[in-house]
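Trainee: 3D, please:
(chains A and B)
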Amino acid sequence: MGKVAIIGVGQTAFVRGYPGSIRELAFDGFKDCMQDAKISVKDIDASIICSAPEYDKQRSPAGVIAEYLGLTPGPTFYVETLCSSSSTGLKLAYSLVKSGLHDVVAVIGFQKMSEITSAESQESMGRGADIQWESPFGTMMPAYYAMHAKAHMQKYGTTPEDLALIRVKAATYGQINEKAVYRKAVALEMFSDPENQMAGPVATPLRVGDCCANADGASCVIVASEEKAKVLCKKPVWILGIGSASTAVNMAGRDLFTGLTVAQEAGAQAYKMAGITAKDIDVAEVHDCFTIAEMLAYEALGFAKPGEGRDLIRSKETYKEGRIPVNVDGGLLSKGHPIGATGGSQIRTIVLQLRGEAGGMQVKNPEIGLVHNIGGVGLYGNVTILGR
Amino acid sequence: MPKDIDDRFKKFGTVSFTQITKVNDFIKYLEEGKVEGTKCKKCGQIFFPPRADCFSCFSSDMEWFEVTGAGKLVTYSKLQYGPVGFEGDLPYSIALLDYGKYKVFGRLANDVPENEINIGMAMKAVVNKLPNGQLNYVFKKA
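Mentor: Here you go, the predicted model:
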């Protein structure tokens, strides 16, 4: 059976308060991708639409969006795994193409988070945790990740400053990413100035600067069979490995709090499938919804040993010129995190890197890239390895 | 809703998002001052939080057991912001205790001084009545 390629990527800028409806938002992401792929809508024979549905009034958005994008009468499927929805969409597109059921599949992720207030959004995201046994205590995403940060600091001596360094790195690249919602510089000193917004406590030990922002946005990735890719695309990027995992939704059902088992499991699957190891990765996009999440990703993916993630960021090894560049597009911390669109945006970044088209964010001549996308607090995890 | 519906679970926590569950007796035990989990009568698997069904042997024949003694504090976080409906409780800390055979997720009691909280310390789950009449449990020093 043939290989599976990515033949087009696109995204909208991630913004606060997109001035349009969800179908129009999805159209903008799809259009950007189609201009990249330079193919006809007629070339696409199925679509996968990805988002977290609680933000929308529209029930079952897939059909509405597929029609608005001109993708009828091809089949369309709606996929949701919280913040990892569109990398799950990519895995399903891979499966559809690999099985021979479809030749060219569009994966469209979107989220219009500004439909609801930030507090409502936090509550709604908290309900991505266990609503029966944990939400009644008043849980929120930052607090769950903060519990992991606390455990990591206790066991390994990681400091709040180590986490702040991850935000400083993100902002270095967010400033030059025209798709990012947060484009200002961030200095380490801001975290030690109690008057500065970055230093404001959210959920100990995480501060405002440790958290990504809500945003509206859409992304699109077009997946094709080897045969079609060779006809339709000059610079196909190949899917070399793709791993996924899940775990207990509630913290009481877990044993690991200094890492995420889904990332370890999905990473191991993806490395095995691609026949490579962590040291073969030239550039990576990891799910940095919070600074601690990037630290945990370094260790889960084998870029650092458990407890040594801090050494990577202290020595700037995850900067563009470092040993393993991570999130050199600004990450979720700078770009913003429109749930359903996030995975597709991460995939776009790695595809552009492998094609040598990442502009000021370009890493020197990468051959293999990795995308790590997490849903909920490590409830779902997808790791995808791409190569030229 | 018909009168014979058992919706006791709506009493759990500051805001409950569930009304009807097969383990509604959890609330009965909270009212008696006890935090209880379930144990599968067929294979002995222990569940906290309680479950009505055993994934190990597919039996739904369960008995209740009381969470007693002390657990170790695994990790915690103090929230400065809360979801809609929880603003009045702020600030509060969510936490996890490890009892060995199971873990219990909940809140730290407000009267535990912050400088006395240490990961690994022994704590116990105690039933707590909230100002709005709802029930939960909190962790106190053992």
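Trainee: Work out for me the element residue B:72 sits within.
Mentor: strand B:71-79 (DSSP states H and E).
Trainee: Name the residue of chain B that lies nearest to chain A.
Mentor: At 2.1 Å from chain A, residue B:13 is the closest residue in chain B, using Cβ to the nearest Cβ. Yep, even glycine has a C-beta here, placed from its N, CA and C like the rest.
Trainee: Tell me who's in contact with that residue.
Mentor: A:135, A:136, A:137, A:138, B:130, B:134, B:135, B:136 (Cβ atoms under 8 Å, 6 or more residues apart in numbering or on different chains).
Trainee: Next one: it, what pLDDT does it get?
Mentor: What the model reports as pLDDT for residue B:13 is 97.
Trainee: Check the spacing between the residue nearest to it when sequence neighbours are not counted and residue B:18 real quick.
Mentor: Sequence neighbours aside, residue A:136 is the residue nearest to residue B:13 in space, at 2.1 Å (criterion: Cβ to Cβ, 6 or more residues apart in numbering or on different chains). Taking Cβ to Cβ, to the nearest Å as the measure, residue A:136 falls 8 Å from residue B:18.
Trainee: shared neighbours, the two?
Mentor: residue B:12.
Trainee: Mind checking which of these two has more residues around it?
Mentor: Each of residue A:136 and residue B:18 has its neighbours counted (other Cβ atoms under 10 Å in any protein chain shown); residue A:136 has more, 27 against 18.
Trainee: I'd guess that one is in a strand, am I close?
Mentor: No: counting by DSSP: H, G, I helix; E, B strand; the rest coil, one finds residue A:136 to be helix, located in no strand.
Trainee: do you know how far it is from residue B:83?
Mentor: Taking Cβ to Cβ, one finds residue A:136 at 11 Å from residue B:83.
Trainee: Now do the contacts for the closest residue to residue B:21 other than its chain neighbours.
Mentor: Closest residue to residue B:21 apart from its sequence neighbours, by Cβ to Cβ, 6+ apart: residue B:9 at 5.1 Å. Residue B:9 makes contact with A:132, B:16, B:18, B:19, B:20, B:21, B:23, B:24, B:26, B:27, according to Cβ under 8 Å, 6+ apart.
Trainee: On the strand side of things, show who residue 76 bridges to.
Mentor: Just going to use chain A. residue A:47 (DSSP bridges).
Trainee: try chain B instead
Mentor: Beta-bridge partners, per DSSP bridges, of residue B:76: residue B:95.
Trainee: Hmm, residue B:21 and residue B:51 touching each other?
Mentor: No: Residue B:51 is beyond contact range of residue B:21, at 9.7 Å (criterion: Cβ atoms under 8 Å).
Trainee: Show me the helices in the stretch 151-300 of chain A, by range?
Mentor: For the stretch 151-300 of chain A, applying DSSP state H, counting those that start in this stretch gives helices covering A:160-174, A:226-232, A:261-274, A:291-300.
Trainee: Of those, which is nearest residue A:185?
Mentor: helix A:160-174 (5.6 Å; Cβ to Cβ).
Trainee: Isn't the residue nearest to residue B:13 up against residue B:11?
Mentor: No: Residue A:136 is not in contact with residue B:11 according to Cβ under 8 Å; the separation is 9.5 Å.
Trainee: rewinding a little: what's the residue nearest to residue B:13 in contact with, if anything?
Mentor: B:12, B:13, B:14, B:15, B:16, B:17, B:136.
Trainee: For residue A:201, list each beta-bridge partner.
Mentor: Beta-bridge partners of residue A:201, as defined by DSSP bridges: residue A:207.
Trainee: Next up, the contacts around it.
Mentor: A:207, B:78, B:80.
Trainee: List just the nearest of these to residue B:113.
Mentor: For these, the nearest to residue B:113 is residue B:78 (12.5 Å; Cβ to Cβ).
Trainee: Can you name the next helix or strand after the helix or strand where residue B:93 lies?
Mentor: If you go by DSSP H and E, residue B:93 is part of strand B:92-98. As assigned by DSSP H and E, the chain's next helix or strand after strand B:92-98 is strand B:103-108.
Trainee: Let me see the mean pLDDT of the helix or strand just after that following strand.
Mentor: Remark: after strand B:103-108, the chain's next helix or strand is strand B:122-129, criterion DSSP H and E. Across strand B:122-129, pLDDT averages out at 98.
Trainee: circling back: next one: the residue nearest to residue B:21 from residue A:141, what distance?
Mentor: From residue B:9 to residue A:141 the distance is 24 Å (Cβ to Cβ).
Trainee: Repeat that for residue B:78.
Mentor: 15 Å.
Trainee: quick one on the thing from earlier: so which of the contacts of residue B:9 wins on neighbours?
Mentor: Going by other Cβ under 10 Å, residue B:26 tops the contacts of residue B:9 with 24 neighbours.
Trainee: List of residues touching whichever helix or strand it is part of?
Mentor: Using DSSP H and E, residue B:26 sits within helix B:25-31. Contacts of helix B:25-31 with the rest of the structure, by Cβ under 8 Å, 6+ apart, involve B:8-9, B:11-12, B:35-36, B:49-50, B:64, B:66, B:127, B:135-137.
Trainee: and stretch B:65-76, C-alpha only, in PDB?
Mentor: C-alpha atoms of stretch B:65-76 as PDB (Å, rounded to 0.1, in the frame of the first residue of the first chain):
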ATOM      1  CA  PHE B  65     -17.100   0.700  51.400                       C
ATOM      2  CA  GLU B  66     -16.100   3.700  53.500                       C
ATOM      3  CA  VAL B  67     -13.000   5.800  52.700                       C
ATOM      4  CA  THR B  68     -11.200   5.700  56.100                       C
ATOM      5  CA  GLY B  69      -7.800   6.500  57.500                       C
ATOM      6  CA  ALA B  70      -5.300   8.800  55.800                       C
ATOM      7  CA  GLY B  71      -4.100   9.400  52.300                       C
ATOM      8  CA  LYS B  72      -1.000  11.100  51.100                       C
ATOM      9  CA  LEU B  73      -1.300  14.500  49.300                       C
ATOM     10  CA  VAL B  74      -0.200  13.900  45.700                       C
ATOM     11  CA  THR B  75      -0.500  17.400  44.400                       C
ATOM     12  CA  TYR B  76      -2.800  20.500  44.700                       C
END
